[in-house]
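Engineer: Got a predicted structure plus its sequence, pasted below:
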Amino acid sequence: MPNVAGERGVAGGSVRRLDADVLTFLIADVRGFTRFTQEEGDEAASRLTVQFAEIVRTALPDFRGELVETRGDEALAVFGSARQALRASVELQRRFRTRSGEESFPLGVGMGLDAGEAVPTDGGYKGKALNIAARLCAIAAPGQILATDSVVHLAHRVDGLTYVQKRAARLKGLDEPVRLVEVVPEAELPPVPAAPPTTRRAGKRRLLLGIALAAVLAAALVAVVLARGGSDGDEPIVVAPNSVGIIDPAKNEVVGAIGVGDSPGPIAAGSGSLWVVNLNDRTLTKIALSTRSVVDSVALPVASGRSAPELLVAAAGDDVWVWACHLTLYRVDPASIQIVQQLEVFRDTGVFPGFTCAVAAEEGSVWVPLAYPREEVLHVEAPRDAPAAVTERFPARLGPRSGMAIGLGSIWLAAGSGPVRRLDPAKGDITGTVRLGGGPKSIVVGYGAAWVANADEDSVTRIDPRTNSVVRSISVGADPVSLAMGADAIWVANSGDGTVSRIDPKTNAVTETIEVGNRPLGVAFADGLVWVTVRS
């Protein structure tokens, strides 16, 4: 989003002063522009910004609006009438979704509006209403128009528009929550573009069909492998690659497997389902716990390749999150398995953030880290009926491939190359620092302790939260990368030797080592069972 901390202006030219005490500001932002640029190249991105600016510029005069500035994929307009601003926002959405000749705008656009007094500056305006409009635009989903109740109060009833009240949201830089209203046209608009119509996208759609078929075949194959293993008690059961293995903690053995996508890794349980990120094909798979079968997979709008961000998944309550590390937080509707919001948390910094990757969720909120330009942890509040938004920022340091967990009134940060830090979100302070041997990759909190997987030492460390000190270092398998809790145990996925370790928190000892045969990358506990993602 634009830099709204200070004045807004336009480079070159002048802005006509509107004879109005109260102005309404509209900010529009193209969603997915960064990804579009990465996939289509700079020339296509340049053409898109020209098309975007032309649509905005030509639509505003009909509503007595004035274009203050455009900055690539962003536009700021000002109106002397709140009613005209609302009408203009709907007309803009219509034009962005309507094909013009042979060309259509390929991406969705989010919009935010607020009204209030503003001070004219050299080339622009400055004021609280402008800042709030920018914040609303930042949390608006593609194709969504969000306004404050101030705009609605000024406009009153507008023919052809409906106001949908949203829960008040806490916005960055504001002390009090802001009441949100979604502006919905009564006449149905064309659908919001789902993705750029490129050959690469078409290939991804074909890939998804192939994934679905491969999942069915893989599930059948795994069932055969497991059946043979069950009939021969002398040989361990091998879980096929690209599957989720199922471990029965009562038997301490693999009892089933489900085929998923290519190279499954992060896994989370929530909303009666399992959620698996497939790292190579960049998809999210939903597994129904009740039937132990794949429901569907959705493509994640993140480019692949060596420079692509890592992906993590977290679930809590009715929310499912995918964190494309450093870039975008995606909110997934667990029922439709569709992305309903994308929050580009790094945009406010104006620069590409440094490398760090971790996520933790609780009902109604999610936490993610940034490493540049400031090392900090962001708190994203997610009301059930309102868009998620960054509400707090806490200074805190994490290293690459780190871990985060929520528990015992704290946010636990396991830095990939440093100590474990304990953040008190109520005070905003680091209340404890625990130094480990090195290589923390995962952390969970439960059974009265914090547990950290140390990949460099092939161990799991138990931390006493009362003293913020190490209680015990427990040797496990090679290269432990993921932890889960359940059935009175800590479960450890050891990616280096194809095993899962079971730790008894009462004795701080490994009681079972279960072979899965291939490389486990993620582990979760749900429905009384242990679920392990396995790749070759």
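Structural biologist: Arrived safely, thanks for sending.

Engineer: for the protein, what spans make up the helices?
Structural biologist: Remark: helices assigned in the chain by DSSP state H are 33-40, 42-59, 82-97, 128-139, 149-155, 199-231.

Engineer: tell me the mean pLDDT for the shortest one?
Structural biologist: Per-region confidence: helix 149-155 scores 93 on mean pLDDT.

Engineer: Other residues contacting that helix?
Structural biologist: Helix 149-155 is touched from outside by 22, 24, 81-83, 85-86, 113-116, 129, 163, 179, 181, with contacts defined as CB atoms under 8 Å, 6 or more residues apart in numbering. Just so you know, the C-beta spots here come from the backbone N, C-alpha and C atoms, and that holds for glycine as well.

Engineer: Need the residue closest to the centroid of the chain.
Structural biologist: residue 329 (2.3 Å; CA atoms, centre = their mean).

Engineer: Check what pLDDT the closest residue to that residue other than its chain neighbours gets.
Structural biologist: Excluding its sequence neighbours, the residue lying closest to residue 329 (CB to CB, 6 or more residues apart in numbering) is residue 343, at 4.5 Å. Turning to residue 343, the model gives it a pLDDT of 86.

Engineer: can you tell me how far the nearest residue to residue 341 once chain neighbours are set aside sits from residue 64?
Structural biologist: What sits nearest to residue 341 in space, not counting adjacent residues and going by CB to CB, 6+ apart, is residue 331, at 4.1 Å. For residue 331, the distance to residue 64 (CB to CB, to the nearest Å) stands at 36 Å.

Engineer: So for those two, which sits in the more crowded spot?
Structural biologist: Under the neighbour definition other CB atoms under 10 Å, residue 331 and residue 64 were set side by side, and residue 331 has more, 20 against 13.

Engineer: So what's the residue count around residue 536?
Structural biologist: 8.

Engineer: Let me see the contact set for it.
Structural biologist: 241, 242, 518, 519.

Engineer: Narrow those residues to just the buried residues.
Structural biologist: Among the contacts of residue 536, those buried by neighbour count (16 or more other CB atoms under 10 Å) are 241, 242, 518, 519.

Engineer: of all those residues, which two lie farthest apart?
Structural biologist: 242 and 519 (10.9 Å; CB to CB).

Engineer: tell me the strands in the stretch 201-350 of the chain, going along the chain?
Structural biologist: 243-248, 253-259, 264-270, 273-278, 283-288, 293-299, 311-316, 319-324, 328-333, 338-343 (DSSP state E, counting those that start in this stretch).

Engineer: Turn those into CSV, including distance to residue 445.
Structural biologist: Output for the strands of the stretch 201-350 of the chain, formatted as CSV (distance: least, CB to CB, whole Å):
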stretch, distance to residue 445
strand 243-248, 22
strand 253-259, 27
strand 264-270, 15
strand 273-278, 20
strand 283-288, 25
strand 293-299, 30
strand 311-316, 14
strand 319-324, 18
strand 328-333, 22
strand 338-343, 25
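
Engineer: for the ones you listed, which one sits closest to residue 77?
Structural biologist: Nearest of the strands of the stretch 201-350 of the chain (CB to CB): strand 338-343, 23.1 Å.

Engineer: helices or strands up against the closest one?
Structural biologist: helix 128-139, strand 328-333 (3 or more CB pairs under 8 Å, 6 or more residues apart in numbering; DSSP states H and E).

Engineer: quick one on the thing from earlier: relative to residue 36, which of the contacts of helix 149-155 is nearest.
Structural biologist: Using CB to CB, the shortest approach to residue 36 within the contacts of helix 149-155 belongs to residue 113, at 24.7 Å.

Engineer: and that closest one, what does it touch?
Structural biologist: 24-27, 85-86, 89, 133, 136, 145-148, 151, 183.

Engineer: what's the closest of these to residue 313?
Structural biologist: residue 146 (26.4 Å).

Engineer: which intervals of the stretch 351-500 of the chain have sub-threshold pLDDT?
Structural biologist: Low-confidence segments of the stretch 351-500 of the chain (pLDDT under 70): 351-356, 371-373, 397-401, 416-417, 437-439.

Engineer: ok, so what distance separates the closest residue to residue 316 other than its chain neighbours from residue 162?
Structural biologist: Leaving out its chain neighbours, the residue that sits closest to residue 316 by CB to CB, 6+ apart is residue 361, at 4.1 Å. Using CB to CB, residue 361 is found at 32 Å from residue 162.

Engineer: Which one of those two is surrounded by more residues?
Structural biologist: Neighbour totals were compared for residue 361 and residue 162, and residue 361 leads with 24 against 12 (other CB under 10 Å).

Engineer: Quick check, that one in contact with residue 312.
Structural biologist: No: contact criterion CB atoms under 8 Å: residue 361 and residue 312 do not qualify, at 10.2 Å.

Engineer: how close does residue 65 get to residue 83?
Structural biologist: 11 Å.
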